[in-house]
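**Q** Just need the structure, nothing else, for what follows:
(chains A and B)
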Amino acid sequence: MAVVEQNYPLGGRPSFQRASFTGNASEYFGIWIVNILLTIVTLGIYSAWAKVRRNRYFYGNTVILGHSFEYHARGKQILIGRLIVFGFLIAVNILSHLAPLALLALWPVMLVVFPWFLMRGLRFNARVTSYRNVRFDFVGTYGGAFKAIFFGAIITVISVGLLSPIASRWFYKYIFDNLRYGDRPFSTEPRLGALYEAFVTVIAIMIAGIVILVLFGGVVTGFGGISMGRGMGSISLWHWMIVLIFPIYIVAGLYYRAAVRNIIWSAAMVDRRHQLRSDLGRRRYAWIAISNVVVTLVTFGLMRPWAAVRLHRFLAEHTVVHVDGEIGVVFDQIRSTGSAVSAEYLDVDGFDFGF
Amino acid sequence: MSTDSTLASDPEAIVAGIWHPPHSSREVPARLLDVGGSLIVLSDEEGDEGRRLAWGILSDIEVSQRVGSIPRRIVFGNQSVFETRDNEAVDTYLRSRGEGRSSSIHGLEIVRPRLIAFALATIVLASIIYRYALPILVELAVVVTPPVVPEMMSAGTLKTLDKVTFGPSKLPEAQQAGIREDFARVAAHAEGGADHYHLNFRDGGLIGPNAFALPDDNLVLTDQLVGLAGGDKEVITAVLGHEIGHVEYKHSLRQLYRAAGVAGLALLIAGDVGSGVQDVLTQGGGLLALSYSREAEAQADRRSVELMQAAGMDPTALSRFFDTLETKLDDHGSTSMLSTHPGTPERKQAILDYARELQEKRAKPNG
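**A** Okay, here's the model as predicted:
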């Protein structure tokens, strides 16, 4: 702990700055409920504009170094992107009923196409985001996406998950190393050891959870074999075990997600000088994510704005940037290239990675 | 256009903020002014006060829509940007120029009592769509679907099943012929007549005892189900009558459209409920689709009773099939949220009730 504080005197020197979130649940509630209402009234067409207003609210309230982000996508752009994806889904759905076997043949094709979709989606999201009047950009190629997604998936499956930290590393390196802020590059060098540490910890949590469950199950059958009664007979103990393993899996997944975010972001740099850092508490993150879902369901969705703002604030407040010297003036690369606007129509919205 | 003339020498300051040069993150403290109808940005930077940074007429300038209290961006023709957090001053200015429209949605979003009305209206609208609009849309879709679609759907399904699990039937020819004969008697009273339906025999493989109808009027009966029925030929005919019911009511097509509709509805409305909740909603939609399929089963059960009676066979034969299920498969379960078919005892009772009802109806005009 002492070492960490020495290396990162957060708040001690002005060069370390935490991001913050200036929005609040009641303000967002208004935006959210009007979004839903107008989406229903317009039979879903407004949902594209609703997304613009929602993202503008969250980006515009995410503040770092005294400046907020801005989201520039147009409702029309998003609507076109959604129609393309929707049409594609309908086509696949019809095909799956007309010729289920043809769909099996389609799968490899989809696997090849998917990295392209992901690449265009990342580019779209980067290009419609700006900070201090300078847009982000994503310059990743299809080949890079193919390696990050396709090979990543293959080695994960072949190794029964044992190589998944390597796949994660490829994936996040693809995202960060190709991200640009104006003319400045992002980069990340996450240590594989750290990723494996997180991976092993999560596996340990799952094993411990399952062992406890099995012991508990043994105790229940030992004591209450009869008291479970005939009525429960059809639902065996194993059935309950599977039901209970599900939450263990969710908690472990959330732990892993928080740990990976910390590792990736803390290894990332902007312009090879300015250090990024993430210090999410894993337990706190899991608690917020799970309680958000519970609260949202219990209130029939009405507390969703509160839950969204809560999670977003937590993520923002645990994101830190260390500015090395002067940032200087950053110039926008996108708009000067001219063809950006027409290219955006080719980009597909629909893949959010929650930057 | 407002008539209150503003002297060029006495410009009206609208708001203070910062200004970014085109394509650059550099920022200059600045203020926005209206000079005779055009907007001008003047520098507030020390040593450079009063320098004109950008100007344009309102129609050439893009003012970002107001969302919550995020900074407002005013983009000039040369892509330079004036940014301010004083949303109210910008709105006041725009209204004075007759451009109030740009913040109309923001007006709805402000938290005040009428938002409660919005919330209620949202809930009511969503349930109205689910309750009334969705069934109408499903019916419409069923009507406009050309017959070739169910035919192609069915051809694919049967081909797949044949490859994956089915084998050729091992029933003796004579037994098959007997079942076909009884089936023809029942099908003669169904929509389209006996020639309309095609009965296929298959060895069920993994699927086991089962009978099902494809939307293109093909029916499939597995050897295992024939075995389960024992020697009771009427039971088999009654089960096939039930499947004819499914075909007549186009249940599979309806269910397909309904599931698609529910999923679409959940996606549209719930686009903004969060990933975890969205999963729960989609699963919930699946459960609701199951309750619809229970309704379809009951409908097909009643059709079996009608057809059996019309063919002069025992209308309650289907209930004997459920007896067999109860004794041989030990299926005593009552209807639950998670089952596609209603509980066996309930279905049996419903069949007996409906058969009696039909009998009474027939007895009346005769006697």
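
**Q** in what helix or strand does the residue in chain A that chain B sits nearest to lie?
**A** Using CB to the nearest CB, A:Gly60 is the residue of chain A that sits closest to chain B, at 2.6 Å. C-beta: built from backbone N, CA, C; applies to glycine. In the assignment (DSSP states H and E), A:Gly60 maps to helix A:47-61.

**Q** other SSEs contacting the helix or strand following that helix?
**A** Going down the chain from helix A:47-61, the next helix or strand is strand A:62-64, by DSSP H and E. When contacts are defined as 3 or more CB pairs under 8 Å, 6 or more residues apart in numbering or on different chains; DSSP states H and E, strand A:62-64 packs onto strand A:20-21, helix A:304-317.

**Q** And the following helix or strand past strand A:62-64, what's buried?
**A** Per DSSP H and E, the first helix or strand lying C-terminal to strand A:62-64 is strand A:67-71. Residues of strand A:67-71 classed as buried: A:His67, A:Ser68, A:Phe69, A:Glu70, A:Tyr71 (neighbour count, 16 or more other CB atoms under 10 Å in any protein chain shown).

**Q** winner for burial among the helices and strands packed on strand A:62-64?
**A** Mean neighbour count (mean count of other CB atoms under 10 Å in any protein chain shown) peaks for helix A:304-317 among the helices and strands packed on strand A:62-64, with a mean of 20.

**Q** Any part of it near chain B?
**A** Yes: against chain B, helix A:304-317 shows contacts by CB under 8 Å from any CB of the partner chain at A:Arg304, A:Ala307, A:Ala308.

**Q** What is the subsequent helix or strand relative to that helix?
**A** Next element after helix A:304-317 (DSSP H and E): strand A:319-322.

**Q** Enumerate the residues of the stretch 151-300 of chain A near chain B.
**A** So the stretch 151-300 of chain A meets chain B at A:Gly182, A:Ser234, A:Ala289, A:Asn292, A:Val293, A:Thr296, A:Leu297, A:Phe300 (CB under 8 Å from any CB).

**Q** can you count the residues close to the last one?
**A** This means A:Phe300. Residues near A:Phe300, counting by other CB atoms under 10 Å in any protein chain shown, number 9.

**Q** quick one: low-confidence parts of chain A?
**A** A:1-14, A:93, A:96-101, A:103, A:220-243, A:334-355 (pLDDT under 70).

**Q** all strands of it, in order?
**A** Here chain A has its strands, by DSSP state E, at A:16-18, A:20-21, A:62-64, A:67-71, A:129-131, A:134-138, A:179-181, A:184-188, A:268-270, A:274-278, A:319-322.

**Q** Okay, and the residue of the stretch 1-150 of chain B found nearest chain A sits in which element?
**A** The minimum distance from the stretch 1-150 of chain B to chain A, using CB to the nearest CB, falls at B:Ile70 (2.6 Å). Under DSSP H and E, no helix or strand contains B:Ile70.

**Q** Name the residues of the helix ranked longest in chain A that come out as buried.
**A** For chain A, the helix reaching the highest residue count under DSSP state H is reported as helix A:192-224. For helix A:192-224, burial by neighbour count (16+ other CB under 10 Å) applies to A:Ala194, A:Leu195, A:Ala198, A:Phe199, A:Val202, A:Ile205, A:Met206, A:Gly209.

**Q** count of neighbours near B:Gly50?
**A** Counted with other CB under 10 Å, B:Gly50 comes out at 9.

**Q** surely it meets B:Leu42?
**A** Yes: taking CB atoms under 8 Å as the definition, B:Gly50 is a contact partner of B:Leu42 at 5.7 Å.

**Q** which non-adjacent residue is nearest residue 314?
**A** Defaulting to chain A. Nearest non-adjacent residue to A:Phe314, counting by CB to CB, 6 or more residues apart in numbering or on different chains: A:Ile288, 5.6 Å away.

**Q** that answer is for a different chain, and I need it for chain B
**A** Spatially, and ignoring its direct neighbours in sequence, B:Asp314 is nearest to B:Glu234 (5.4 Å; CB to CB, 6+ apart).

**Q** Please, which helix or strand holds that neighbour?
**A** Per DSSP H and E: B:Glu234 is located in helix B:233-248.

**Q** helix or strand right after that helix?
**A** helix B:251-269.

**Q** In a strand, B:Ile14, correct?
**A** Yes: counting by DSSP: H, G, I helix; E, B strand; the rest coil, B:Ile14 falls inside a strand.

**Q** list the contacts for the residue located most distally from the centre of chain B?
**A** Most distant residue from the mean C-alpha position of chain B: B:Gly47, 63.4 Å away (CA atoms, centre = their mean). The neighbourhood of B:Gly47, defined by CB atoms under 8 Å, 6 or more residues apart in numbering or on different chains, contains no residues.

**Q** and it, how far is that from B:Trp55?
**A** Applying CB to CB, to the nearest Å, the value for B:Gly47 to B:Trp55 is 21 Å.

**Q** before we move on, what about B:Arg85?
**A** 22 Å.

**Q** so what's residue 106 up against?
**A** Because you didn't say which chain, this covers chain A. A:Val92, A:Leu95.

**Q** not what I meant, chain B
**A** B:Gln65, B:Arg66, B:Val67.

**Q** circling back to that earlier point, helices and strands around the longest helix of chain A, which ones?
**A** helix A:164-177, helix A:237-266.

**Q** rewinding a little: cross-check the contact I'm expecting between the residue of the stretch 1-150 of chain B closest to chain A and A:Arg54.
**A** No: contact between B:Ile70 and A:Arg54 fails when scored by CB under 8 Å: they sit 11.7 Å apart.

**Q** A:Lys173: how many residues sit nearby?
**A** 20.

**Q** Would you confirm that it contacts A:Pro190?
**A** Yes: the criterion here is CB under 8 Å, and A:Lys173 meets it with A:Pro190 at 7.4 Å.

**Q** List the buried residues for stretch B:137-152?
**A** B:Leu137, B:Val138, B:Ala141, B:Val142, B:Thr145, B:Val149, B:Pro150, B:Glu151, B:Met152.

**Q** nearest spatial neighbour of the second one, skipping sequence neighbours?
**A** This means B:Val138. B:Tyr257 (4.6 Å).

**Q** residues contacting the one you found?
**A** Shown in contact with B:Tyr257 (CB under 8 Å, 6+ apart): B:Leu137, B:Val138, B:Ala141, B:Val142.

**Q** so where does the second one fall, helix or strand?
**A** The reference is to B:Val138. In the assignment (DSSP H and E), B:Val138 maps to helix B:134-144.

**Q** how far is that helix from where the chain is centred?
**A** 12 Å (CA atoms, centre = their mean, to the nearest Å).

**Q** Return the alpha-carbon coordinates of that helix using PDB.
**A** Provided in PDB are the C-alpha atoms of helix B:134-144 (Å, rounded to 0.1, in the frame of the first residue of the first chain):
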ATOM      1  CA  LEU B 134     -49.100  -6.800 -30.600                       C
ATOM      2  CA  PRO B 135     -51.900  -9.500 -31.200                       C
ATOM      3  CA  ILE B 136     -53.300  -7.400 -34.100                       C
ATOM      4  CA  LEU B 137     -49.900  -7.100 -35.600                       C
ATOM      5  CA  VAL B 138     -49.400 -10.900 -35.300                       C
ATOM      6  CA  GLU B 139     -52.700 -11.600 -37.000                       C
ATOM      7  CA  LEU B 140     -51.800  -9.200 -39.700                       C
ATOM      8  CA  ALA B 141     -48.500 -10.800 -40.300                       C
ATOM      9  CA  VAL B 142     -50.100 -14.200 -40.400                       C
ATOM     10  CA  VAL B 143     -52.600 -13.000 -43.000                       C
ATOM     11  CA  VAL B 144     -50.000 -11.400 -45.300                       C
END
